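Novice: have a look at this fold, sequence not included:
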Ligand SMILES: C[S@@+](CC[C@H](N)C(=O)[O-])C[C@H]1O[C@@H](n2cnc3c(N)ncnc32)[C@H](O)[C@@H]1O
């Protein structure tokens, strides 16, 4: 286990993997060269793992710009977010959401995105074909937590994090022998509206082909996915581990367990070979 406190993810992110961390850390390879996370989102595993050298990427530019600004200029990013916090009410939220970010500096864009994330309903990022954000105003404004943002900045610098906005295919092609790649794509048959392209079964098949190419280059790959027949079939060449997690929300306050899968290209102590 790491010897430091794990920073909380700096943003709220649908599909975040904090609940899965005990399973993910158990099934990771014990040693590896560089760490890659091409579906970064809230980056729960990265903050927990704190690898020596990390290549982090996502297709959503608001995310990668935010992490780049946090890495390089954390205090300015926090100050920029507070500029947006000051005016908060529903009307302000929608005015900020509908701003054209092209007219803002990268730091202002990061501050704007932090504010929108903390004020929106479930922090649910949705990119619309119009180029705008499909966020809706939530019923509370979550605190900014500067100490968390500073800890994340420190973690990014300690891991010499290279941060890119790109499709998973670009990032996967960079990984080489001995590297570890954690893949957390949008789950099949669930919410996939992070980007306008979505992520359907054909995207998962393209990802499965990328996994095979990485495996043949000596890369260790771990993937989390929904426990359904299609996902199991698409990633059928990998070793599949079934894990139980508690639902994040439930109408009556009860949070039942459900299963998800974690697939690896390598054998672990938990791998069942039958
Ligand atoms: C399930 S979320 C990842 C959650 C993350 N592991 C966490 O702990 O917060 C999936 C991520 O994939 C990104 N994504 C969707 N399509 C992509 C693509 N084609 N290439 C790269 N990233 C993509 C989304 O923007 C989203 O951040």
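Specialist: Thanks, I have it. Predicted, not measured: the structure shown is a model, and the values here were computed from it.
Novice: could you use CA atoms for every contact and neighbour count after this?
Specialist: Fine.
Novice: where does the protein dip in pLDDT?
Specialist: Residue ranges of the chain with pLDDT under 70: 1-5, 248-253, 274.
Novice: now the helices for it?
Specialist: 21-27, 44-49, 61-72, 74-85, 90-97, 106-119, 146-158, 168-174, 201-216, 229-234 (DSSP state H).
Novice: and the third one, what does it pack against?
Specialist: Translated: helix 61-72. On a contact count with 3 or more Cα pairs under 8 Å, 6 or more residues apart in numbering; DSSP states H and E, helix 61-72 meets helix 106-119, helix 146-158, strand 162-165.
Novice: now do 6 Å
Specialist: Helices and strands touching helix 61-72, as assessed by 3 or more Cα pairs under 6 Å, 6 or more residues apart in numbering; DSSP states H and E, comprise helix 146-158.
Novice: could you tell me which residues of the stretch 101-250 of the chain lie near the ligand?
Specialist: Residues of the stretch 101-250 of the chain lying near the ligand by Cα under 6 Å from any ligand atom: 167-168, 184-186, 194-195, 199.
Novice: out of the helices of the chain, deepest packed?
Specialist: Burial among the helices of the chain, expressed as mean neighbours by mean count of other Cα atoms under 10 Å, is greatest for helix 106-119, which shows a mean of 24.
Novice: counting contacts, what elements does it pack onto?
Specialist: With contacts taken as 3+ Cα pairs under 6 Å, 6+ apart, helix 106-119 sits against helix 74-85.
Novice: what sits up against the helix it packs on?
Specialist: 107-108, 111-112, 115 (Cα atoms under 6 Å, 6 or more residues apart in numbering).
Novice: do the same with stretch 44-54
Specialist: So stretch 44-54 is contacted by 6, 9, 17-18, 34-36, 159-161 (Cα under 6 Å, 6+ apart).
Novice: that stretch close to the ligand?
Specialist: Yes. Contact of stretch 44-54 with the ligand (Cα under 6 Å from any ligand atom) involves residue 44.
Novice: tell me the span between the first and last residue of that stretch.
Specialist: Terminal residues of stretch 44-54 are spaced 14 Å apart (Cα to Cα, to the nearest Å).
Novice: ok, now stretch 166-179?
Specialist: Using Cα to Cα, one end of stretch 166-179 lies 19 Å from the other.
Novice: now that stretch: how far from the chain's centre is it?
Specialist: Put simply, stretch 166-179 sits 16 Å off its chain's centre (Cα atoms, centre = their mean, to the nearest Å).
Novice: what of stretch 115-133?
Specialist: Per Cα atoms, centre = their mean, the centroid offset for stretch 115-133 relative to its chain is 15 Å.
Novice: show me the contact partners of it.
Specialist: So stretch 115-133 is contacted by 12-14, 81, 134, 136-138, 141-142, 193-196 (Cα under 6 Å, 6+ apart).
Novice: please repeat the previous calculation with a cut-off of 8 Å.
Specialist: 11-14, 81-82, 84-85, 93, 96-98, 134-144, 193-196 (Cα atoms under 8 Å, 6 or more residues apart in numbering).
Novice: what sits against the nearest residue to residue 163 once chain neighbours are set aside?
Specialist: Of all residues not flanking residue 163 in the chain, residue 56 sits nearest, at 4.9 Å (Cα to Cα, 6 or more residues apart in numbering). Taking Cα under 8 Å, 6+ apart as the contact definition, residue 56 lies against 36-40, 161-164.
Novice: what about 6 Å?
Specialist: By Cα under 6 Å, 6+ apart, the contact set of residue 56 is 36-38, 163.
Novice: ignoring the adjacent residues along the chain, who's closest to residue 72?
Specialist: residue 153 (7.5 Å).
Novice: among the residues of the stretch 101-250 of the chain next to the ligand, which ones are buried?
Specialist: Those of these that meet the buried threshold are 168, 184-186, 194-195, 199, by 16 or more other Cα atoms under 10 Å.
Novice: which two of those residues have the greatest separation?
Specialist: Spatial extent of these (Cα to Cα) is set by the pair 184 and 195 at 14.7 Å.
Novice: can you tell me how far the closest residue in space to residue 218 that isn't next to it in sequence is from residue 24?
Specialist: Of all residues beyond its chain neighbours, the one nearest residue 218 is residue 177 (4.4 Å), with distances taken as Cα to Cα, 6+ apart. Using Cα to Cα, we find residue 177 at a distance of 21 Å from residue 24.
Novice: cool, thanks, talk later.
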